[in-house]
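S.K.: coords please:
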Amino acid sequence: MELLPQPAPDKKLDLKKELRRYLRRWPWFLASLALFLTGAYLYLRYTPKIYESRASVYVDQAKNRGSFSMADIQIAGLQGGIGNAAINDEIAMMKAKPLLEKVVKSLHLDAQFKAETNVKEVYLFADSPLQAEVLTLNDAKGFPGRSYTVKPNNSGSYLLISADGKERTFFYDVPVKEDFGTFRIRRVAGKPFKSNLQLTLLNPAAVTGGIEAALILGVQKERQGIIDMSMQSTLPGRSEAVMNELVRQYNLEAIRYKNQEAQNTANFIDDRLQLITQELGSIEGQKEQFKRSNRITDLETQAQLSVQNANEATRQIMDVSVQLEMVNSILKLANSANNEQLLPSNMGVPGAGDQLISEYNQLVLQRNRTLRQATSANPAVQQLDRDIAATRSLIKDNLMRTRATLRDNLAQLQSRVSESQEGVSRFPEQERMFRSIDRQQNIKEALYLYLLQKREETSISLAVTTPRARVVNPAYTAGVVAPKSKTVYGGAAAAGLLLPFLVFFAVFALDTKVHSKKDITETLPDLPVLTEVPTVEKDASDLVGQNDLSVYAEAYRILTTNLKFILNKLKGTAPVIIFSSSVKGEGKTTVSVNTAITLAATKKVVIIGADLRNPQLERYISTPHTGLADYLADPGITLEDVIIPSGLAPQLDAIRSGSIPPNPSDLLEDSRFDALLSELRARYDYIIIDSAPLMMVSDTHHILHSADVVVYVMRADYSEKELLTYAAGISQEDSVRRMAFVLNDVRHSEMRYGYGGKYGYGYNYHSDTKKKPFWRK
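M.R.: Reported below is the predicted structural model:
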């Protein structure tokens, strides 16, 4: 016979029930929360804190020029911010490896001390009683690092223990020579050295790379020209020292590059002044000799009227000659200059010459800075070489055009002078020669004074050492960035609650067992549940005792009460009650025996062991005797031969299963079984049949027509919910008059009934007055 499953009714989410399922397991949530919070505490306790240090500097837009005009003194250091491109260049220069290497060497960051502790490593910086300095390295690139233990010895010496355990004594401030190079250890005054310290010597390149990676430089749009610096480290004092030292080294480099251009200009001016001084002395000697030989006293009075027209032209010739002399000098230097030589700037070259020379010098300086970090084969250096050559070519072309223009102007002026001289031809030739000598003297004197002024301006430029980067906010520590206590504890609390929730959610989602009465009524709302039998306490009997006031016994009294209510329409005949289940192990025999014991308190009851293949009734009635199988197989055996006292209750008799037959289904299908029941109805008030599981064998199906009620036993946390569909199919058979369920082995936490909220008001579980320990509860 094929049983069609019934569709289960739509289930609505019972929020209260779902919440109760989790709240009943609150110790797991509490234990998980405590575990995670303890882990968070230990994590915070032993994890080094990371601090963020910050600083900000303002980078001046004024270029570091080699020469300095008098007007520049009034505005030095007062210009505004610089553009994005320029500020990005400054940021790149600040993070250049050569500059960071100077910071590393200046602060001795390639030698670190840490205290020996059993819990965590404590690195020392400002509070270290010792200071180590790496003096030389034989192979700076391949140096892997070296570790030592430094032990205090006396006030002037210390013990140095290498990794191989070798112990040596050295004096402070005395270089220690090793196979990789030399270093020395100094004593820091005012700080006690009482315990061992671990010394680690590091590769400077590796330390530089670490600082470069940790140092963050940036600029905000609304504050162009101000560079924000930040650095994260477990030693905030170290981070502050690195940023302050970086700004100092950056300013020193900027001043050095600025003074390099100014010094080259000063050297050029000194050379020219020496040459002009010699030429000026020669001209003055010629003038003196000319006056003495020609006995000339006051040429001004003699030529006042004659040369008024020539004065203006002479003055212009002097100016043009000065310019021509400067152009020739600079052009000569430009023709002989290479890519590393600077040209004198701000010399008053006509046209755009000064601007081109300034750009040329900036390119030369930039090439020299780049060569400190790269070779001449670097594409950037080659590009700079091409730019320098192109700029120098432009300077030459500009100077040559300027010289040609000056020569043309000079020729025109000399022509005007010649014209004026023709008007004074009455003056002796000596006058003309004297004027020529005097004009050369004035030219040399003007050039001499001009160079003196430029030398003074260059000296001022060398003397002015305004820092390129001015500190806006000195380095300071903003606070702890990791680990954050609130975040860690909050995350631990969330994880501690979420983990058991997810575990239980998965358990509940994968759970296919029947747990409570509600699981049955939701699936089969038309079939009654007689009772929920609680779990038997540990070391307690699974049989109901005499005058038993436990919840366990009360469950069976409820079962019999509900059973009588179902059977109250049967008058004058003993009802036949079949106890069965879907599979083995659901407790139908225990339930049937206890039901029989409970009914036998007031009525006469007989219990029949109808599970002929796997007799279980013998567990409670162990007296050997002829049983049901023998009675059905042998017509010569009478009813009196198989009925025995159960020994469990005075009014409870039993018919054991008897011998295990080869054909139990045929025996139960025999009419002799119906005759047995008819005869028993006349003798007893209730007939209880402990049958075989319905799904495993077909034996019970042959006797279902004889039952007034089929009690279907399911076991909590054991029976699958899918078996309810099978049970529903059994209830629809024509031979089944009535069917009811009993849920066996229900946890006390699942049993919630009316009065007082908990089932079992006024009762003790199996009369057990023994107090449970807290962890058991």
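
S.K.: what does stretch 123-136 rub up against?
M.R.: Residues outside stretch 123-136 that contact it (CB atoms under 8 Å, 6 or more residues apart in numbering): 108, 110-115, 150, 158, 175, 181-188, 191-193, 197, 199, 201, 204, 234-235, 237-238, 241. For every residue, glycine as well, the C-beta is placed using N, CA and C.

S.K.: and the residue nearest to the spatial centre of the chain, what does it touch?
M.R.: With the centre of the chain defined as its mean C-alpha position, the nearest residue by CA atoms, centre = their mean is Ala482, 9.2 Å away. If a contact means CB under 8 Å, 6+ apart, then Ala482 has Lys49, Ile50 as its contacts.

S.K.: Strands of the stretch 401-550 of the chain, start to end?
M.R.: For the stretch 401-550 of the chain, applying DSSP state E, counting those that start in this stretch gives strands covering 469-482, 529-534.

S.K.: Mean pLDDT lowest where, among these?
M.R.: Mean pLDDT across the strands of the stretch 401-550 of the chain is lowest at strand 469-482; the value there is a mean of 82.

S.K.: Neighbouring strands - and their directions - for it?
M.R.: Paired neighbours of strand 469-482 in the sheet (DSSP bridges): strand 50-59 (antiparallel).

S.K.: Using PDB, write down the CA coordinates of the partner strand.
M.R.: Written as PDB, here are the backbone C-alpha positions of strand 50-59 (Å, rounded to 0.1, in the frame of the first residue of the first chain):
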ATOM      1  CA  ILE A  50      50.900  52.300  16.600                       C
ATOM      2  CA  TYR A  51      51.100  56.100  17.000                       C
ATOM      3  CA  GLU A  52      50.600  58.700  14.300                       C
ATOM      4  CA  SER A  53      52.900  61.700  14.300                       C
ATOM      5  CA  ARG A  54      52.300  64.800  12.200                       C
ATOM      6  CA  ALA A  55      54.100  68.000  11.100                       C
ATOM      7  CA  SER A  56      53.600  70.700   8.500                       C
ATOM      8  CA  VAL A  57      56.000  73.100   6.800                       C
ATOM      9  CA  TYR A  58      55.700  76.000   4.400                       C
ATOM     10  CA  VAL A  59      57.900  75.900   1.300                       C
END
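
S.K.: elements contacting the helix or strand hosting Ile388?
M.R.: Assigned by DSSP states H and E, Ile388 belongs to helix 379-423. Applying 3 or more CB pairs under 8 Å, 6 or more residues apart in numbering; DSSP states H and E, one finds that helix 379-423 contacts helix 308-336, helix 353-371.

S.K.: For that helix, what does the pLDDT average out to?
M.R.: 80.

S.K.: okay, the helices and strands packed on helix 379-423 in TSV with mean neighbour count, distance to Ser582 and mean pLDDT next?
M.R.: Output for these, formatted as TSV (neighbours: other CB atoms under 10 Å; distance: least, CB to CB, whole Å; pLDDT from 0 to 100):
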stretch	mean neighbour count	distance to Ser582	mean pLDDT
helix 308-336	17	109	78
helix 353-371	19	88	81
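
S.K.: closest one to Lys287 among those helices?
M.R.: Minimum separation from Lys287 across the helices and strands packed on helix 379-423 (CB to CB) falls at helix 308-336, 15.7 Å.

S.K.: Wait, Met347 touches Gln355, no?
M.R.: No: counting by CB atoms under 8 Å, Met347 stays clear of Gln355, with 12.0 Å between them.

S.K.: Distance from stretch 236-249 to the middle of the chain?
M.R.: With CA atoms, centre = their mean, to the nearest Å as the basis, stretch 236-249 stands 25 Å off its chain's centre.

S.K.: what's the answer for stretch 316-331, then?
M.R.: Distance, stretch centre to chain centre, for stretch 316-331: 69 Å (CA atoms, centre = their mean).

S.K.: which stretches of the stretch 101-250 of the chain form strands?
M.R.: For the stretch 101-250 of the chain, the strands defined by DSSP E, counting those that start in this stretch cover 111-115, 122-124, 130-137, 146-154, 157-161, 167-171, 176-177, 181-187, 197-201, 216-219, 226-233.

S.K.: how about a markdown table for the ones you listed, with distance to Gln341 and mean pLDDT added?
M.R.: Shown next, in a markdown table, are those (distance: least, CB to CB, whole Å; pLDDT from 0 to 100):
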| stretch | distance to Gln341 | mean pLDDT |
| --- | --- | --- |
| strand 111-115 | 41 | 86 |
| strand 122-124 | 48 | 81 |
| strand 130-137 | 34 | 88 |
| strand 146-154 | 45 | 87 |
| strand 157-161 | 51 | 89 |
| strand 167-171 | 49 | 89 |
| strand 176-177 | 43 | 90 |
| strand 181-187 | 37 | 90 |
| strand 197-201 | 42 | 88 |
| strand 216-219 | 33 | 84 |
| strand 226-233 | 33 | 86 |
